[in-house]
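Visitor: How does the following fold in three dimensions:
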Amino acid sequence: MKNSLFSRSSSSYSHAKHNRLAALALSLAAVIVAQTLPTAHADPNLEPLKRWLTFQSGIDTLKTNFVQDRKLKTMRHPFRDEGTFWLDHPNRFRWQIDGDPPKMIAIRDKNTITLLKPDKKEAEQVTAGSGASPALDFLAEGFPRSLDALLKKFTVTEMKQTKESWEAHLKPKDAETARTLSKITFFIDPESFYLQGFELNLKDGSNIRTYFTRQVYNEAVDASLFKVDLNGYTVERK
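Guide: Numbering: from 1, shown residues only. Sure, this is the predicted structure:
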């Protein structure tokens, strides 16, 4: 809001690449919009949701490590990635999957989103809100700062308490997003009300779950993290 890829035909590889980029965009979107809201009717879980929303609204910068487990229909076996996410509200972030070099980096600096694959020296750039990619446009909108803004995009279908967390189950209202994403589940700490992680259930039956292992709030973030060096890269612009 991170292991190796398996051999496949060129057509299945292209499909897998598309799904990985869509999954990455949705993962980032889940982190950036990680604020939820109460259901329309009176609900005993209303107070935990309010406290999470209050906690999230106080975050201006964030650095967090993550572990991401993926079960994708295009892959023969599940795999795990680890990485780091930096956020500088309202319009800068960096999502980086570990590796030497990093397996994948996504950077937004103001109105430009860049997806980098350093090992292949390939990059894709889109303008936030351009319509080139609905998933990236959704991601680019950043943190909603009001309940009404989030209600326009999600329906809360269930709130459930477990021993480890509060679970908030949401469905997207946007038709384009719903074509790819069936449900997002956010896991909220029951004592401090911070985001423990989130799970994406995709329309094709794939599942992506991200756990945050260390979070640092509202400390200065190095501006160079959001700068993109495309020297030596093949760049596709949309």
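Visitor: okay, now Glu164: neighbour count?
Guide: By the criterion of other C-beta atoms under 10 Å, Glu164 has 10 neighbours. C-beta here means a position set from N, CA and C on the backbone, and glycine is covered the same way.
Visitor: my read is it is in a helix, agree?
Guide: No - counting by DSSP: H, G, I helix; E, B strand; the rest coil, Glu164 is not found in a helix; it is coil.
Visitor: any idea how far it is from Gly197?
Guide: According to C-beta to C-beta, to the nearest Å, Glu164 and Gly197 sit 10 Å apart.
Visitor: got it, and Asp109?
Guide: 26 Å.
Visitor: who's more crowded, these two?
Guide: Gly197 (21 against 18).
Visitor: Quick check, pLDDT for that one.
Guide: Listed pLDDT for Gly197 reads 91.
Visitor: before we move on, what about the one 5 residues further on?
Guide: Predicted confidence (pLDDT) for Leu202: 90.
Visitor: ranges for the helices of the protein?
Guide: With DSSP state H applied, the chain shows helices at 10-32, 46-57, 134-140, 147-151, 175-180, listed in chain order.
Visitor: Give me the phi and psi for Asn111.
Guide: Taking degrees, to the nearest 10, you get phi -100, psi 0 for the backbone angles of Asn111.
Visitor: Wait, it touches Asn91, no?
Guide: Yes - Asn111 is in contact with Asn91 according to C-beta atoms under 8 Å; the separation is 7.5 Å.
Visitor: shared neighbours, the two?
Guide: Common neighbours of Asn111 and Asn91, using C-beta atoms under 8 Å, 6 or more residues apart in numbering, are Ala128.
Visitor: need the helix or strand of the chain with the lowest average pLDDT.
Guide: Lowest on mean pLDDT, DSSP states H and E among the helices and strands of the chain sits helix 134-140, with a mean of 52.
Visitor: what's the closest non-adjacent residue to Arg51?
Guide: Phe193 (4.3 Å; C-beta to C-beta, 6 or more residues apart in numbering).
Visitor: what's the burial count for that neighbour?
Guide: 18.
Visitor: how much space between it and Met104?
Guide: 30 Å.
Visitor: hang on, the earlier thing: so which of Asn111 and Asn91 has more stuff around it?
Guide: Neighbours per residue (other C-beta under 10 Å) separate Asn111 from Asn91, with Asn91 holding more: 17 against 12.
Visitor: how much space is there between the nearest residue to that one once chain neighbours are set aside and Leu230?
Guide: Nearest non-adjacent residue to Asn91, counting by C-beta to C-beta, 6+ apart: Lys110, 5.4 Å away. Using C-beta to C-beta, Lys110 is found at 16 Å from Leu230.
Visitor: what does Arg94 give?
Guide: In terms of C-beta to C-beta, Arg94 sits 15 Å off from Leu230.
Visitor: Neighbour count for the two, which is higher?
Guide: Remark: of Arg94 and Leu230, Arg94 carries more neighbours, 24 against 12, as counted by other C-beta under 10 Å.
Visitor: wait, what's in contact with that one?
Guide: Counted by C-beta under 8 Å, 6+ apart, Arg94 has contacts Thr84, Phe85, Trp86, Ile105, Ala106, Ile107, Arg108, Leu225, Phe226.
Visitor: Flag the shaky bits of this structure, pLDDT-wise.
Guide: 1-46, 129-150 (pLDDT under 70).
Visitor: hey, what's Phe93 bridged with?
Guide: Under DSSP bridges, the beta-bridge partners of Phe93 are Leu87, Arg108.
Visitor: Any idea how many residues pack against Lys152?
Guide: When counting by other C-beta under 10 Å, one arrives at 11 neighbours for Lys152.
Visitor: ok, so what distance separates the residue lying closest to Arg179 once chain neighbours are set aside from Thr180?
Guide: Distances taken as C-beta to C-beta, 6+ apart put Lys203 closest to Arg179, at 6.6 Å, once the chain neighbours are dropped. Separation of Lys203 from Thr180 (C-beta to C-beta): 6 Å.
Visitor: Understood, closing this out.
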